[in-house]
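A.B. asks: fold the following for me, if possible:
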Amino acid sequence: MRGPIRRAAVAGSWYPGDGARLAGELDSYLAAVAPVDLPGRLLGLISPHAGLVYSGPVAAHGYALLKKHRVATAVLVGPSHHAAFSGVSLFASGAFETPLGEVPVDGPLADRIAAESPIIRDAPRPHLAEHSLEMQLPFLRHLAPGLQIVPMLIGTQTRETVEALAGALARALPGQDVLLVASSDLSHFNPAPVANQLDGLVVQDIERFEPDRLMARLESSPEHACGGGAIVAVMKACQALGADRAKVLRYGDSGDVGERDKSRVVGYLSAALSVSAA
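C.D. replies: Okay, here's the model as predicted:
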């Protein structure tokens, strides 16, 4: 049985609902990215999830790496903005709809990950209106048309949940051809100087590849990132899988585009986690 189709929830509003127009916008962002030398093997990305016109120019810096680094499955981890629950909600089969075509779920790998922890449950309902993972799909489908996904949403982003998810990923993924993607925006609705200062601390923790330091920071000040738990879980899983390098590719905020209003901005970051000796 093929499984359910998760219909696109924000196509036509957060990003173009027409495939040709969407592809053109993605290409414009990718064309503005200077080539990055990332030796070794790409294992993880940290990417924003705001409307494409705002976060797309930043997200493109990470996804441009897929032109060179090919993978079979992207394991997507993001926060739940609309549904409250404990643990991790997994969309375990079927496909996600996009204007560029459907993106199939890697069911066997989803089952393998779920078997590693009871906090991970096949629960598709929280995914239906959620944008945090959907905003990763245009770049993924455009750059890697044959890619499969394992979509996972974190409910309450407690240390216990983050640690359990990171451990499950670390046990399930050795030997798998995967890319882990943490979906998160940074601080919300501060004047740009304040946002840049808050976000700079997260940038520092990522560049130093210190997920425990970032987790402690989020516990004391959750305002640093809406998907901070996803970032920490992916960083810790990547470390366990051999990643030894974290590179922040781009930082920006919502005031960089449009009317360039810097009075109340949202911060965005794109970063790559890699194994230096492939």
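
A.B. asks: just give me the longest strand of the protein.
C.D. replies: Taking DSSP state E as the criterion, the chain has its longest strand at strand 265-275.

A.B. asks: quick one: mean pLDDT over it.
C.D. replies: Confidence for strand 265-275, expressed as mean pLDDT, is 97.

A.B. asks: list every C-alpha atom in that strand, with coordinates, as PDB.
C.D. replies: The C-alpha trace of strand 265-275 is given here as PDB (Å, rounded to 0.1, in the frame of the first residue of the first chain):
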ATOM      1  CA  VAL A 265      13.000  41.000  12.200                       C
ATOM      2  CA  VAL A 266      13.200  37.200  12.200                       C
ATOM      3  CA  GLY A 267      16.700  35.700  12.000                       C
ATOM      4  CA  TYR A 268      17.700  33.000   9.500                       C
ATOM      5  CA  LEU A 269      20.700  30.700   9.300                       C
ATOM      6  CA  SER A 270      22.100  28.100   6.900                       C
ATOM      7  CA  ALA A 271      24.800  25.800   8.100                       C
ATOM      8  CA  ALA A 272      26.400  22.500   7.000                       C
ATOM      9  CA  LEU A 273      27.600  19.600   9.100                       C
ATOM     10  CA  SER A 274      30.100  17.300   7.500                       C
ATOM     11  CA  VAL A 275      32.500  14.500   7.900                       C
END
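
A.B. asks: check the offset of stretch 38-58 from the chain's centre.
C.D. replies: Counting by Cα atoms, centre = their mean, to the nearest Å, stretch 38-58 is centred 7 Å from the centre of its parent chain.

A.B. asks: end to end on it, go ahead and measure it.
C.D. replies: One end of stretch 38-58 to the other measures 17 Å (Cα to Cα, to the nearest Å).

A.B. asks: and stretch 79-93, by the same measure?
C.D. replies: 20 Å.

A.B. asks: can you list the buried residues in it?
C.D. replies: 79, 80, 87, 88, 89, 90, 91, 92, 93 (16 or more other Cβ atoms under 10 Å). The way it works is simple: take the backbone N, C-alpha and C, and place the C-beta from them, glycine included.

A.B. asks: which regions of this structure sit below the pLDDT cut-off?
C.D. replies: Within the chain, the stretches with pLDDT under 70 are 1, 278.

A.B. asks: related to what we said a few turns ago, which elements pack onto the longest strand of the chain?
C.D. replies: The contact analysis (3 or more Cβ pairs under 8 Å, 6 or more residues apart in numbering; DSSP states H and E) places strand 265-275 against strand 41-47, helix 52-63, strand 188-190, helix 192-207, helix 228-240, strand 245-253.
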